[in-house]
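J.: just need the structure, nothing else, for what follows:
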Amino acid sequence: MSNAKEKNARIGLKMMVSIGIPVVALAIISIIALARLESVSGFLIQSLNDQVNTSNEKILSADRDFYQAMQAYLKMRGTTDPEILNAEAGDFKENAQQTIDRVTQSVDALAGSAAMALSHPDSHKDIKTLFSDFQKQFKIWSENFDPAQNKINDEALFWKSFNNARGYIDEITQIIENYAADSVTQSKNQVKNTRFFISAVALLALLVSAIVGTILARSISSIIKQSMKDLLFSAEEISVTSSTVADSSRTVAEASTEQAASVEEVSATLEQTAAMVQANSENSKKAYDLSRKVTQSVGSGSEQMSQMMKSMDEIKRSSNEVTHVLKAIEEIAFQTNILSLNAAVEAARAGDAGKGFAVVADEVRGLAHRSSKEAQSISDIIDRNISISETAAEVTSQAFESFNEIQKEIEQIGRLIDSLARAGEEQSIGISQISDTMQNMGQIVEKIAGDANHNLELAEKLLRPVEEMKSMATRLSGSQDHAAASTTALSVYGR
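T.: Next up is the predicted model:
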């Protein structure tokens, strides 16, 4: 009895190991995918913050320049000193130009992103519409005041257009901030959902494999044990038949009929087992389809990362173009400075008649110097932005590579699940073959029942092979089962 249990245990253990190895591999790959997913989410959130921070800094700087331009206007309206007027007029023009430039740069930095499709919660206008309205109000504002002559056409309209333009800047700023917060939240939710999905798939695969392995082990072990019992019972019947030749033919026929019924039951059990194996194979195919969908989602993320890298390159190219423009401004300021020096020399030669011209030349030289200095400052800022863009591009590239690695690993998961499905199909084929064998055994038993009357003269010759068969069946099913089968057979023939 103990030997039979040990054999059944070894069979079940081998089946559990054959199913458990792919399952453990699937669990390990799922853990690796989860770790990679955390890394990629960090890269995505950091890249998004860099993009939004660049745009937000530009729009805030534009608002500050707009305010400083109005400060210069107020100073000009409150004085008649030519020097102050000239200085503040330059500040007004410079800050006004910086305002429109930085608002444009802020909007351009968001080109191609989802922020362009968002609307302000109050005005229900998107960034493109707000930027167009801002340009209109800014144009009205700038055309209503002539800083060179300190002349304003319509002061009420001037202040109204200023407030409207600043309002549009505030609305654009609010959209950018809302976009940043919503995008980070969405990214975290997507990562959370993907992590939950991968964990659920891995857990489901583990659970299904454990249940199927246990069912298969118990079913096959029970089938083998029952078959050995039936074989032992038949051997005992043949042995008793050989000892009681007179009544054996009828008894063997009845026993063979019972054996056929047992074979039919075994065949039915095998059909149920085959159905369960087929269901497991179908579930594995569904899991494989799900893994393919995840692979497609990761591939879509990789394409979006590629588009982001292209946007980074476009930002870098635009910054380089602005740098070239600033260098041209520095050259113009340098030439203006030289011209103002020449004018100062000529004014000195003219004596008292050229003093006023000398003052103007000195102011022009001061303005040229300031323009050169401010242009250099802007150039430095743009250089820093280019460096930040390059860093963001590198981070985006790393995130793109991580996406590709995740895609490869999920494809490996799909291949493993596909292997499980194929293994289930092979098991189904094996069980079908066993079922065919049992049907053949049934036919053989029926033939034995038909030939029972012709085997009386062979009873003595059957004693030796019957004893050997009894010994083999006893070793496989256990001594207790042998004793029970012997008692049953004797009681049948005793009646």
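J.: tell me how many other residues crowd the spatially closest residue to Ser123 that is not a sequence neighbour.
T.: Leaving aside its chain neighbours, Ser123 sits nearest to Glu171 (6.1 Å; criterion: CB to CB, 6 or more residues apart in numbering). To be clear about C-beta, it is placed using only N, CA and C from the backbone, and glycine gets the same treatment. Using other CB atoms under 10 Å, Glu171 has 21 neighbouring residues.
J.: which helix or strand contains Glu171?
T.: When secondary structure is defined using DSSP states H and E, the element that contains Glu171 is helix 155-243.
J.: longest single helix anywhere in the protein?
T.: The helix that spans the most residues within the chain, counting by DSSP state H, is helix 245-350.
J.: for the residue nearest in space to the middle of the chain, which residues are in contact?
T.: For the chain, the residue sitting closest to the mean C-alpha position, by CA atoms, centre = their mean, is Val298 at 4.8 Å. When contacts are counted by CB atoms under 8 Å, 6 or more residues apart in numbering, Val298 is found next to Phe403, Ile406, Gln407, Ile410.
J.: do you know the pLDDT at the second one?
T.: At Ile406, the pLDDT value in this model is 78.
J.: separation between it and Ser30?
T.: Relative to Ser30, Ile406 is positioned 12 Å away (criterion: CB to CB, to the nearest Å).
J.: swap in the first one?
T.: Using CB to CB, one obtains 17 Å as the distance from Phe403 to Ser30.
J.: what does Gly90 give?
T.: 65 Å.
J.: which one's more surrounded, these two?
T.: Of the pair Gly90 and Ser30, Ser30 is the one with more neighbours under other CB under 10 Å, namely 22 against 17.
J.: specify the local secondary structure of that one.
T.: When classified by DSSP: H, G, I helix; E, B strand; the rest coil, Ser30 comes out as helix.
J.: contacting residues for it?
T.: For Ser30, counting by CB under 8 Å, 6+ apart, the contacting residues are Ile198, Ser199, Val201, Ala202, Ile413.
J.: let's see that with 10 Å instead.
T.: Contact partners of Ser30, counting by CB atoms under 10 Å, 6 or more residues apart in numbering, are Arg195, Ile198, Ser199, Ala200, Val201, Ala202, Leu203, Ala205, Leu206, Glu409, Ile410, Ile413.
J.: now do Gln174
T.: For Gln174, the set of contacting residues under the criterion of CB under 10 Å, 6+ apart consists of Leu118, His120, Pro121, Asp122.
J.: do Glu57 as well
T.: Contacts here follow CB under 10 Å, 6+ apart; on that basis Glu57 touches Arg102, Gln105, Ser106, Ala109, Ile381, Asn385.
J.: let's see if you can find the most crowded of these.
T.: The most crowded member of those is Ala109, carrying 26 neighbours; neighbours defined as other CB under 10 Å.
J.: distance of it from Ala62?
T.: From Ala109 to Ala62 the distance is 12 Å (CB to CB).
J.: which stretches of the stretch 1-150 of the chain form strands?
T.: Per DSSP state E, counting those that start in this stretch, the stretch 1-150 of the chain carries strands over the ranges 145-146.
J.: quick revisit: out of the contacts of Glu57, which is nearest to Ser432?
T.: Ser432 lies nearest to Ala109 out of the contacts of Glu57, by CB to CB, at 65.2 Å.
J.: give me every residue that touches that closest one.
T.: 51-59, 115, 176, 311, 314-315, 318, 385, 389.
J.: of the residues you listed, which belong to helices?
T.: Secondary structure of the contacts of Ala109 is defined by DSSP H; positions in helices are 51-59, 176, 311, 314-315, 318, 385, 389.
J.: can you say which of the residues you listed are buried?
T.: Burial of the ones in helices among the contacts of Ala109 was assessed by neighbour count (16 or more other CB atoms under 10 Å); the buried members are 51-52, 54-59, 176, 311, 315, 318, 385, 389.
J.: nearest to Phe66, out of those residues: which one, please.
T.: The shortest separation between Phe66 and any of these is 10.5 Å, and it belongs to Ile59 (by CB to CB).
J.: ok so, going back, quick check, the residue nearest to Ser123 in contact with Val103.
T.: No: judged on CB atoms under 10 Å, Glu171 makes no contact with Val103 at a distance of 11.9 Å.
J.: quickly list what's touching both of these two.
T.: By CB under 10 Å, 6+ apart, the residues touching both Glu171 and Val103 are Leu130, Phe134.
J.: output the below-cut-off pLDDT ranges for the stretch 351-495 of the chain.
T.: In the predicted model, the stretch 351-495 of the chain carries pLDDT under 70 at residues 434, 444, 448, 452, 455-456, 459, 463, 475-495.
J.: contacts only, for Phe92.
T.: Residues near Phe92 by CB under 10 Å, 6+ apart: 68-73, 75-76, 142, 145, 147-148, 150.
J.: quick check, nearest of those residues to Val191?
T.: Within the contacts of Phe92, distances to Val191 taken as CB to CB reach their minimum at Gln68, with 42.5 Å.
J.: the closest one: neighbouring residues, count only.
T.: For Gln68, the tally of surrounding residues (other CB under 10 Å) stands at 17.
J.: same question for Ile211.
T.: When neighbours are counted by other CB under 10 Å, Ile211 registers 12.
J.: burial count for Cys372?
T.: One correction, residue 372 is Ser, not Cys. The burial count for Ser372: 19, using other CB under 10 Å.
J.: for the one 3 residues further on, same thing?
T.: The burial metric for Ala375, expressed as a neighbour count using other CB under 10 Å, is 19.
J.: roughly how far apart are it and Thr99?
T.: From Ala375 to Thr99 the distance is 16 Å (CB to CB).
J.: do Glu282 as well
T.: Using CB to CB, Glu282 is found at 65 Å from Thr99.
J.: comparing those two, which shows the higher neighbour count?
T.: Neighbours per residue (other CB under 10 Å) separate Glu282 from Thr99, with Thr99 holding more: 26 against 12.
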